[in-house]
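Engineer: okay, predicted coordinates and the sequence, questions at the end:
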Number of protein chains: 2
Amino acid sequence: MKAIVTVMLKEGVLDPQGKAIGQALHGLGFPQVGEVRMGKVIELELAETDGQAAQAAAEAMAQKLLANSVIESFRVEIAG
Amino acid sequence: MKAIVTVMLKEGVLDPQGKAIGQALHGLGFPQVGEVRMGKVIELELAETDGQAAQAAAEAMAQKLLANSVIESFRVEIAG
């Protein structure tokens, strides 16, 4: 199964990359852009055939390696 | 509205970050991990109130700035 782990900075943690993107978009003629947050997405091909097992494994991986729980939160989606 | 732009390397483009993550996960005791691809996710707060207009604006931003179309593909989701 495929697991998609999305890792974002927590609310309240400064996101200079997102801020830079927002300013660049304003400069390129997109004044409608408000707050911008940037994160990472990791797509994992897993051997699990059961959705719940895949979800649990991906969450364990996110906690151990993919996300820094001090400043980042993550969500896991399982896609077929 | 909120637009979520996900930018991934195209199929066939080498992804050394993804490879490193895969090897690290194997080393941490997750042998079930196959291919790993890493990408970026950009969450944009947009002034648009219409979903289609927000989608079109986010796609224009992705083409102009957020994705490098030579090696990256992107998808846009609109979330309320």
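Structural biologist: Good, I have the coordinates.

Engineer: what's around residue A:69, how many residues?
Structural biologist: Per other Cβ atoms under 10 Å in any protein chain shown, the neighbour tally for residue A:69 reads 10. Where C-beta positions appear, they are placed from N, C-alpha and C, glycine not excepted.

Engineer: now it, nearest residue through space, not along the chain?
Structural biologist: residue A:63 (6.7 Å; Cβ to Cβ, 6 or more residues apart in numbering or on different chains).

Engineer: equivalent analysis for residue A:5, please.
Structural biologist: residue A:42 (4.6 Å).

Engineer: on that earlier part again, quick one: secondary structure of the residue nearest to residue A:69?
Structural biologist: helix (DSSP: H, G, I helix; E, B strand; the rest coil).

Engineer: please apply the same query to residue A:58.
Structural biologist: Strictly by three-state DSSP, residue A:58 counts as helix.

Engineer: that one: what's it in contact with?
Structural biologist: By Cβ atoms under 8 Å, 6 or more residues apart in numbering or on different chains, the contact list for residue A:58 reads A:3, A:5, A:44, A:46, A:76, A:78.

Engineer: change it to 6 Å
Structural biologist: A:3, A:5, A:76 (Cβ atoms under 6 Å, 6 or more residues apart in numbering or on different chains).

Engineer: pairing partners for the longest strand anywhere in chain A, with directions?
Structural biologist: Ordering each strand of chain A by length in residues (DSSP state E) puts strand A:33-46 first. Its sheet considered, strand A:33-46 pairs with strand A:2-9 (antiparallel), strand B:33-46 (antiparallel) by DSSP bridges.
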